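Visitor: Provided below for reference: sequence and predicted model.
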There are 2 protein chains.
Amino acid sequence: MTVIPNLNIVPFVSVDHMMKLVLKVGIDTFLRELADVVEEDFRRWQSFDKTPRIASHSTEGVIELMPTSDGTLYGFKYVNGHPKNMKEGRQTVTAFGVLSDVGNGYPLLLTEMTILTALRTAATSAVAAKYLARQNARSMAIIGNGAQSEFQARAFKAILGIDTLRLFDIDRSASEKCARNLAGQGFAIKICDSAEEAVEGADIVTTVTADKQYATILTDNMVGPGIHINAVGGDCPGKTELHRDILLRSDIFVEYPPQTRIEGEIQQLPPDYPVTELWRVITGEQQGRANDRQITLFDSVGFATEDFSALRYVRSKLPSTGLYTELDLLADPDEPRDLFGMLLRCEAALV
Amino acid sequence: MTVIPNLNIVPFVSVDHMMKLVLKVGIDTFLRELADVVEEDFRRWQSFDKTPRIASHSTEGVIELMPTSDGTLYGFKYVNGHPKNMKEGRQTVTAFGVLSDVGNGYPLLLTEMTILTALRTAATSAVAAKYLARQNARSMAIIGNGAQSEFQARAFKAILGIDTLRLFDIDRSASEKCARNLAGQGFAIKICDSAEEAVEGADIVTTVTADKQYATILTDNMVGPGIHINAVGGDCPGKTELHRDILLRSDIFVEYPPQTRIEGEIQQLPPDYPVTELWRVITGEQQGRANDRQITLFDSVGFATEDFSALRYVRSKLPSTGLYTELDLLADPDEPRDLFGMLLRCEAALV
Ligand SMILES: NC(=O)c1ccc[n+]([C@@H]2O[C@H](COP(=O)([O-])OP(=O)(O)OC[C@H]3O[C@@H](n4cnc5c(N)ncnc54)[C@H](O)[C@@H]3O)[C@@H](O)[C@H]2O)c1
Ligand SMILES: NC(=O)c1ccc[n+]([C@@H]2O[C@H](COP(=O)([O-])OP(=O)(O)OC[C@H]3O[C@@H](n4cnc5c(N)ncnc54)[C@H](O)[C@@H]3O)[C@@H](O)[C@H]2O)c1
């Protein structure tokens, strides 16, 4: 048998290990710490090499690669979005990712990111809301009660103290699942019969539905003064959730404009429509919420730096938890240039 | 413990399994079959969604993502190039890749691609040479005798019948390693003291050196009529191997012009300099070699479709060989939208 020295090995976090990691750290602590890392990376926005994600669209969905680098580490996520998957017993969104050393190009971590994406999306939404929602916000409507929804609720509770939820989904069983999963975790929860009912009196409205088309989850009349909208579900060309009129009444905050203009709610607006970059609010360079009557909109599409933050956060937890396995992913002959010789020695060992 | 149903699982081919797979199929058969798949995919060039690879450059090297899709399958490769790695005991080039189902976005295969890249690069070079080298070509100079070199030699023997090798490397121990590794495999091998000496009388010249700068491995006076140049090493902006004058005397064949104009030898030429796409030669739409005095140049940089071909070829071999393991890469709750519930159930099972 061939000996497998260390350079071969890439730590791998499976779905099972990710669940155990989240539970070991604690869901709330995990979300809070992750939000801190996400915020930290937004603060040093200019140190990242940024590019809109590379999408491969098909009739049924999209597969995307989301790379970024801070000059020391390089990360990328593979993620798909297939709204019809659900009906076939599959996830709408699955993902995995890799963190690498820029200096030598070797991967340092391979991890599942389906669960991690839900956590990082929720953490990012909560970071944005910390700067954009009213200080005294306590109640949130969640429209679309699928895979992401409970994570959003937990992040908004852990980071902003949201304790009242108003749920709506066109499929009532999704709302019931969401309410059941969040029971006993300190929320007052109401399942609503319509989006209209759900947004009534809510300080924050999270839209996180999945549909491969222009949808209108919220119409203009449903949005009152002072509300913060956390629009998560519209994240592809041709896939939006908000009526255009809402956008015109809101102050719009985005992650990375070159990507959001293609994928976000603002694809409905002219390409030069003014938006504010979230990182500038976080650094204090630009204002977030100005008053209690303003409508703020976080037009989230998910950006590569957030996954980078999640990858480096997970990596930081591995030594202390040991929740990973070692993957024989990289060829490592004794002499680097002797790749073919490694094959010959494997052959000799097999005979 | 959580049950792991099938949808969780992605077949994984480790380095060890890849070596065993190549040896089980046989190196020559593997190269020939892989070349057939590469050629097949060049033939249906127009069915691929193509984009230049996405490169993240640093002072030490580059990390690249190479995605493509034929509408049914989606593949991408992660690959780095760090010429200084060798001195630290690491590979210049390491890689891994994923093949997915376009219909639902789920990965179907994760595999090491360091060895596979060497095989697919060599197979592609041989396919190109089949159309571009003189029919009676029997001898090949290989300049740069690192990790890729033996694979090139074996592919050219298996596919074109090349049986005479003239090796040169600035590091003689690399040539000695190459000659040692190829001993007893039907080659007449000569280690040369200079590139000039190596190309003397060679029908084909393969350049496959690694340097992060404009290098001049071949100068104009070294290139006689009728030669085919297989230029593999120049594959990054600012990283070339051939003197510009050689390009002006050659007929140049490339993989995907938008990528090669950035990365290939032709980055030294004006952006509208005429080149021929290899796929057009393979389909018979355009001429390859026209006569025995013509100098042909395959300005190879490596394109995503070649990795796609390699991924689908490897996948086709898994059921019969069983040379893979099962990776718990994808979250698969019993109900797709119940991702959070899966976490709760994991918690309940742990207590
Ligand atoms: N912005 C980001 O960073 C980010 C990250 C992850 C996911 N997403 C997006 O979030 C969305 C939700 O993802 P998920 O994994 O929870 O999907 P999911 O399929 O698990 O759940 C979507 C839910 O939306 C419901 N729904 C569909 N149309 C609706 C409508 N008109 N009104 C109310 N409910 C409706 C469905 O019944 C379903 O329960 C997707 O569109 C996904 O692409 C965005
Ligand atoms: N075109 C493609 O599809 C493709 C695919 C894989 C690798 N590559 C490129 O091929 C090159 C070789 O890859 P590798 O894995 O064999 O690298 P390696 O580092 O293992 O070997 C490179 C060899 O080139 C030699 N060399 C450097 N400068 C030289 C010179 N001036 N003259 C003669 N020899 C010289 C080095 O001594 C070394 O032995 C790299 O530049 C890589 O990026 C291209």
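Guide: Perfect, I can see it now. Numbering: from 1, shown residues only, chains lettered A, B, ... in the order given. Ligands and ions are numbered 1, 2, ... in the order given.
Visitor: List every C-alpha atom in the helix or strand bottoming out on mean pLDDT in chain A, with coordinates, as CSV.
Guide: None of the helices or strands of chain A scores lower by mean pLDDT, DSSP states H and E than strand A:214-218, at a mean of 88. Provided in CSV are the C-alpha atoms of strand A:214-218 (Å, rounded to 0.1, in the frame of the first residue of the first chain):
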residue,chain,number,x,y,z
TYR,A,214,-41.0,37.1,-11.0
ALA,A,215,-43.3,36.7,-8.0
THR,A,216,-45.1,39.4,-6.0
ILE,A,217,-44.9,38.2,-2.4
LEU,A,218,-45.3,41.8,-1.1
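Visitor: Pull out the buried residues from that strand.
Guide: Buried positions in strand A:214-218, judged by neighbour count with 16 or more other Cβ atoms under 10 Å in any protein chain shown: A:Ala215, A:Ile217, A:Leu218. C-beta: built from backbone N, CA, C; applies to glycine.
Visitor: where does A:Val281 land in three-state SS?
Guide: Judged by DSSP: H, G, I helix; E, B strand; the rest coil, the three-state class of A:Val281 is helix.
Visitor: Count the residues that sit near it.
Guide: Neighbours of A:Val281 under the rule other Cβ atoms under 10 Å in any protein chain shown: 20.
Visitor: which residue packs closest to it, ignoring adjacent ones?
Guide: Nearest non-adjacent residue to A:Val281, counting by Cβ to Cβ, 6 or more residues apart in numbering or on different chains: A:Gly288, 4.3 Å away.
Visitor: contacting residues around that neighbour?
Guide: Residues in contact with A:Gly288 (Cβ atoms under 8 Å, 6 or more residues apart in numbering or on different chains) are A:Tyr131, A:Leu132, A:Phe253, A:Val281, A:Thr296.
Visitor: ok, the buried residues of strand A:214-218 vs B:Val223, which is closest?
Guide: A:Ala215 (61.4 Å; Cβ to Cβ).
Visitor: Report pLDDT for the residue nearest to A:Lys239 when sequence neighbours are not counted.
Guide: The spatial neighbour of A:Lys239 that comes closest, neighbours along the chain excluded (Cβ to Cβ, 6+ apart), is A:Lys212 at 5.9 Å. Listed pLDDT for A:Lys212 reads 70.
Visitor: now A:Lys212: how far from ligand 1?
Guide: Using Cβ to the nearest ligand atom, to the nearest Å, A:Lys212 is found at 9 Å from ligand 1.
Visitor: Ok, A:Thr219 next?
Guide: Separation of A:Thr219 from ligand 1 (Cβ to the nearest ligand atom): 12 Å.
Visitor: do the same with A:Lys50
Guide: In this view, A:Lys50 and ligand 1 are 16 Å apart by Cβ to the nearest ligand atom.
Visitor: Pretty sure that residue sits against A:Phe308.
Guide: No - applying Cβ atoms under 8 Å, one finds A:Lys50 not in contact with A:Phe308, separated by 10.4 Å.
Visitor: and the two? which has more neighbours close in?
Guide: More crowded of A:Lys50 and A:Phe308, by other Cβ under 10 Å: A:Phe308, with 27 against 16.
Visitor: now that one, nearest residue through space, not along the chain?
Guide: Per Cβ to Cβ, 6+ apart, closest to A:Phe308 is A:Gly75, 4.0 Å.
Visitor: my guess is the one you found is in a strand, correct?
Guide: Yes - assessed by three-state DSSP, A:Gly75 belongs to a strand.
Visitor: what number of residues lie near it?
Guide: Residues contacting A:Gly75 under the criterion other Cβ under 10 Å number 25.
Visitor: on that earlier part again, find the residues that touch each one of A:Lys50 and A:Phe308.
Guide: When contacts are counted by Cβ under 8 Å, 6+ apart, A:Lys50 and A:Phe308 are jointly contacted by A:Thr68.
Visitor: Quick check: A:Thr124 is in a helix.
Guide: Yes - assignment of A:Thr124 by three-state DSSP places it within a helix.
Visitor: got a pLDDT number for it?
Guide: A:Thr124 is assigned a pLDDT of 98 by the prediction.
Visitor: again with the one 10 residues further on
Guide: Listed pLDDT for A:Arg134 reads 98.
Visitor: do the same with A:Pro5
Guide: 46.
Visitor: Contact residues of the stretch 51-200 of chain A facing ligand 1?
Guide: The stretch 51-200 of chain A comes close to ligand 1 at residues A:81, A:86, A:92-93, A:117, A:121, A:143-148, A:168-171, A:174, as judged by Cβ under 6 Å from any ligand atom.
Visitor: let's see it at 8 Å
Guide: By the rule Cβ under 8 Å from any ligand atom, the part of the stretch 51-200 of chain A lying against ligand 1 is A:79, A:81, A:83, A:85-86, A:91-93, A:117-118, A:120-121, A:124-125, A:143-149, A:168-171, A:174, A:195.
Visitor: Now the buried members of the residues you listed.
Guide: Buried by 16+ other Cβ under 10 Å: A:79, A:81, A:83, A:85-86, A:91-93, A:117-118, A:120-121, A:124-125, A:143-149, A:168-169, A:174, A:195, out of these.
Visitor: sorry, back to before: is the residue nearest to A:Phe308 bridged to anything, and to what?
Guide: The bridge-partner assignment for A:Gly75, based on DSSP bridges, gives A:Thr68, A:Leu99.
Visitor: returning to that earlier point: who's in contact with the least confident helix or strand of chain A?
Guide: By Cβ under 8 Å, 6+ apart, the surrounding residues in contact with strand A:214-218 are A:143-144, A:195, A:199, A:205, A:207, A:209, A:229, A:233-234, A:238-243, A:246, A:268.
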